[in-house]
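Asks: Kindly generate the corresponding structure for this input.
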Amino acid sequence: MQGFSDGGADLGQLQTTMRHIEVACTSIQMHINPAAAEATILSLSQSPKPYAACRFILENSQVPNARFQAAAAIRDAAIREWSSLSAEERRSLISFCLCFVMQHASSPEGYVLAKVSSVAAQLMKRGWLDFTETEKEAFFYQVNQAFLGAHGVDVQFIGVNFLESLVSEFSPSTSSAMGLPREFHEQCRTSLELNYLKMFYCWARDASLSATNEIMEPNAVTPEVKVCTAALRLMLQILNWDFRNDTTSMKAGIDVFSAGVRHDNASSKRSECVLVQPGPAWFDVLISSGHVSWLLSLYASLRQKFSRESYWIDCPIAVSARKLIVQLCSLTGTIFPSDNGKMQENHLLQLLSGILQWIDPPDVVSKGIEEGKSESEMLDGCRALLSIATATTPFVFDQLLKSIRPYGTLTLLSTLMCEVVKVLMTNNSDEETWSWEARDILLDTWTILLVVCSNVSGQIGLDWVWVGYLGFSDLEELTGKHAAANLFAMIVESELKVASASVANDDGDSDYLQASISAMDERLSSYALIARAAIDVTIPLLTRLFSERFARLHQGRGIIDPTETLEELYSLLLITGHVLADEGEGETPLFRDLGNLGGDKGDGGQWESKDWLVLGGAGRLSYDFGIRDLGIGNIGFKIACFIFFLEKGAWPSSPMKFKVPTAIQIHFVDIVEAEKHPVGVLSGSIIRFAEQSMDPEVRETVFSPRLMEAVIWFLARWTHTYLMPLEETNCLSNNVYQQHQSMNSKKALLSFFGEHSQGQVVLDIIVRISVMTLMSYPGENDLQESWRNLSNAFSNEKSLFLLSSANQRSLAQTLVLSASGLRNSEAANQYVRGLMVHMTTYLVELSSRSDLKSVAHQPDIIMSVSCLLERLRGAASAAGPRRQRAMYEIGISVMNPVLHLLEVYKDEFYCLTEAVVL
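Replies: Here you go, the predicted model:
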């Protein structure tokens, strides 16, 4: 079919075009020759200047999908032909779209109106840098009249929807592709933020205010509800904006186009919480105007009005209002004056007072949910606590509630989480319920409170520290210690109940039985923080729980089925391992040349370099790449190999930075006898239990592969911190006397497991356990097969291209490093060549294509090039002595292709950056 261009089109031609598009849309819906129908629709958008035909279809067609496709064609053609359109044509297209949605505001085809609004927003952005301020004001005058309700509620709603589309288009993370440099999008974003964003927020606020009186009338079903909901949603969208023009903001200077994840929040959380920092220009709108009071009053009034209607909690206006309230809890930065934080505290207290009814008293709220009430309000209350904790200090967080209650916010947080944990224990299920989500949100809140930034003033750094008491001048004064101790006891009780109940679950695929250590690691790390906040209570608790289960095993051997007790021990080992030791900081240690290792293998043979190939490589993979279950229980076995490396003398080439957690350093200061130190007592009891696995009879009846995995994992984690440590002192206390006492206590603990005390004995035990584990448990053959499959997928398949850039580098580095275990340098170099040859060949062939400039910007090509450059970076970083020749050859072969790609991708920031870094 020839195109549908406007040239010389008369009424008959326009009607013919409309019928063609209507028939095509109907055919697609009826699945009649869809390929031909799609080609017809595509020809409309690809025709030169099809605007008259598209307008005719929008104004006359009775087929909604045809109108939708006509709007899409206007967008595609206008973006493509923008540079050739006159200023009048550009303005006319935008005005037509705005007028169309206003005139058809009451149309039932909302998706058509939303599409036309989106087209108007995209075209306005496309011409943003070309339009004069007068032209922009003319467009926005029309929108403002809609906001004021001058043309009715439906038009008012459309006006709000248009600004939603506009704000979305100007935000780099949600903007549409226009084939323009990123600098264009950044200039548009900056202009909107500085000159219009605040004005839009005020328009949305005023629209909500104007609708509020009507909403509060006895008749609950009013058109104004729709307007108010949309306006609240727009205000939330604006507060989610990445404000970057306040130079004192912690987000200032962050490149939104940089690859990888954002680093403005260094903690890994399950719940999203972004600080809102719009700067001092927003003070009058958000703080001094009474905006928060109005919003809280609106929600409280609606809540009371519909208190008998349980469905109301989940209706759009309620959800939008709560989300906006929660977002205002994250308000921080220079929007508040320099008054020692008093105004921000008042702001947070006001919000907390309004939110309390959502979550307090916890037992009543929980009971209501279990009886059928919606959980969404309670979950939003938990999110609000997380936001408040993120926006302020632990001390201020706790003090807020003391202004209106006899207890602090930490006590409320602990009580709330204890109630959630009780529900989890009562309703033990593999299905994720509201209590699962509430637990994760509240755990994130505890994590925020117990992990303190390097700079408390608000400049987030990346050097986070475990703190225990750090951040609380005296946790006893804040009742935080008591709250943390009670909560941790409840958490452990819950985890043990889940572990015990899992035995009765006949479903071998249950989430609990299949959960690997890595999958639980995030939650366990949060548990550890809570435990360290009351370490002098929680360590004895764990010691008692272990002792009870050890005794139960001993007393019931051969009489009582030990499975439940073993599952409880598995859970306790994971929890205790996280409490006593951190995973470590910095890079995973690299090993020296493994080919020189020798020694007794344990079965009469000698260890050779080939024995370390898979074990050493996969050990690093389990750390860096996060693959913890390549075989049956292999994470434990990999770390067992790591411990064995240390015993054989393959010491790390860079120092390990594992240290005793701060909470343990600065507590138990009155205990200077090593054998009585609570951490030493707990550690010793676990090591003695693990040593029993050397007895074949006990191993057969007690130490299942699952339990042995946890034992080995615990020993490896514990070893990095306590066994014959290199560093002796690192105390964070400001009190000189306390620091002296703490150093003595820490010295006593570390010396007990040091080289000149029990360290060599414990090392011998751990090495013997590790070797026994490798000899007595299956799984390594599965590991080798998995490793080969992974290497093959890396070299020959594109499925791994979906990994993030960081994982691309880490995987390449890991696979190249595994060449260290080959017999000689020739084998290592051949392995590296085989691993990388397909990637280098692809780059060489791509750079030699005559049509490179035309195909290089196709999305799949950009993705492939980016992934391969990341992999080359990772492989290059692993170029040790044995692998240097292969890496030099690879470097020489890709040098010219990379230089060629630099020229082709000079306007493609990400690919350019990767090529330059390489």
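Asks: mind checking how far Pro34 is from Ala321?
Replies: In this structure, Pro34 and Ala321 are 43 Å apart, going by Cβ to Cβ, to the nearest Å. Any C-beta I mention is one placed from the backbone N, CA and C, and that applies to glycine too.
Asks: Compare neighbour counts for these two and give me the winner.
Replies: Comparing Pro34 with Ala321 by other Cβ atoms under 10 Å, the one with more neighbours is Ala321, at 25 against 13.
Asks: how about that one, what does it touch?
Replies: Taking Cβ atoms under 8 Å, 6 or more residues apart in numbering, we find Ala321 in contact with Leu232, Leu295, Leu298, Tyr299, Leu302.
Asks: Which of these ranks first by neighbour count?
Replies: Leu232 (29 neighbours).
Asks: Does it touch Ser208 like I think?
Replies: Yes: using Cβ atoms under 8 Å, Leu232 is in contact with Ser208, at 6.0 Å.
Asks: which stretches of the stretch 351-500 of the chain have low pLDDT?
Replies: For the stretch 351-500 of the chain, the stretches with pLDDT under 70 are 429-431, 452-479.
Asks: residue ranges of the strands in the protein, please?
Replies: Here the chain has its strands, by DSSP state E, at 451-452, 465-466.
Asks: and the nearest residue to Ile388 once chain neighbours are set aside, how many residues sit next to it?
Replies: Nearest residue to Ile388 in three dimensions, chain neighbours excluded: Cys329, at 5.0 Å (Cβ to Cβ, 6 or more residues apart in numbering). For Cys329, the neighbour count with other Cβ under 10 Å is 25.
Asks: so who does Cys329 touch?
Replies: Residues near Cys329 by Cβ under 8 Å, 6+ apart: Leu348, Leu351, Ile355, Ala384, Ser387, Ile388, Ala391.
Asks: could those residues be laid out in a markdown table, adding neighbour count and distance to Thr433?
Replies: Below are those laid out as a markdown table (neighbours: other Cβ atoms under 10 Å; distance: Cβ to Cβ, whole Å):
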| residue | neighbour count | distance to Thr433 |
| --- | --- | --- |
| Leu348 | 25 | 30 |
| Leu351 | 22 | 27 |
| Ile355 | 25 | 22 |
| Ala384 | 28 | 21 |
| Ser387 | 28 | 23 |
| Ile388 | 24 | 25 |
| Ala391 | 24 | 29 |
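Asks: which one of these sits closest to Lys402?
Replies: Within these, the smallest distance to Lys402 is 12.8 Å, found for Leu348 (Cβ to Cβ).
Asks: Leaving out sequence neighbours, find the closest residue to the closest one.
Replies: Ile388 (5.4 Å).
Asks: And for Leu542?
Replies: That would be Thr576: by Cβ to Cβ, 6+ apart, it lies 5.3 Å from Leu542.
Asks: residues in contact with that neighbour?
Replies: Listed by Cβ under 8 Å, 6+ apart, the contact partners of Thr576 are Leu542, Phe546, Leu682, Ile686, Phe714.
Asks: run the last query once more with 10 Å
Replies: Thr576 makes contact with 492, 524, 528, 531, 538-539, 542-543, 545-546, 682-683, 686, 710, 714, 717-718 under the criterion Cβ atoms under 10 Å, 6 or more residues apart in numbering.
Asks: that older thread, list phi and psi for the residue nearest to Ile388.
Replies: Per-residue torsions, Cys329: phi -70, psi -20 (degrees, to the nearest 10).
Asks: Please report how far it lies from Leu239.
Replies: Cys329 is 11 Å from Leu239, by Cβ to Cβ.
Asks: shared neighbours, the two?
Replies: Val276.
Asks: if we can go back for a sec, mind putting the contacts of Ala321 in a markdown table, pLDDT included?
Replies: Shown next, in a markdown table, are the contacts of Ala321 (pLDDT from 0 to 100):
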| residue | pLDDT |
| --- | --- |
| Leu232 | 96 |
| Leu295 | 95 |
| Leu298 | 92 |
| Tyr299 | 93 |
| Leu302 | 87 |
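Asks: Look up how far Ile765 lies from Arg688.
Replies: Per Cβ to Cβ, Arg688 is found 9 Å from Ile765.
Asks: neighbour-wise, which of those two wins?
Replies: Each of Arg688 and Ile765 has its neighbours counted (other Cβ under 10 Å); Ile765 has more, 17 against 11.
Asks: quick check: domain ranges of the protein?
Replies: Split into domains by the TED database, the chain comes to 270-447, 824-917.
Asks: Compare these and give me the one nearest Glu22.
Replies: Closest approach to Glu22 among the domains of the chain (Cβ to Cβ): domain 824-917, 31.7 Å.
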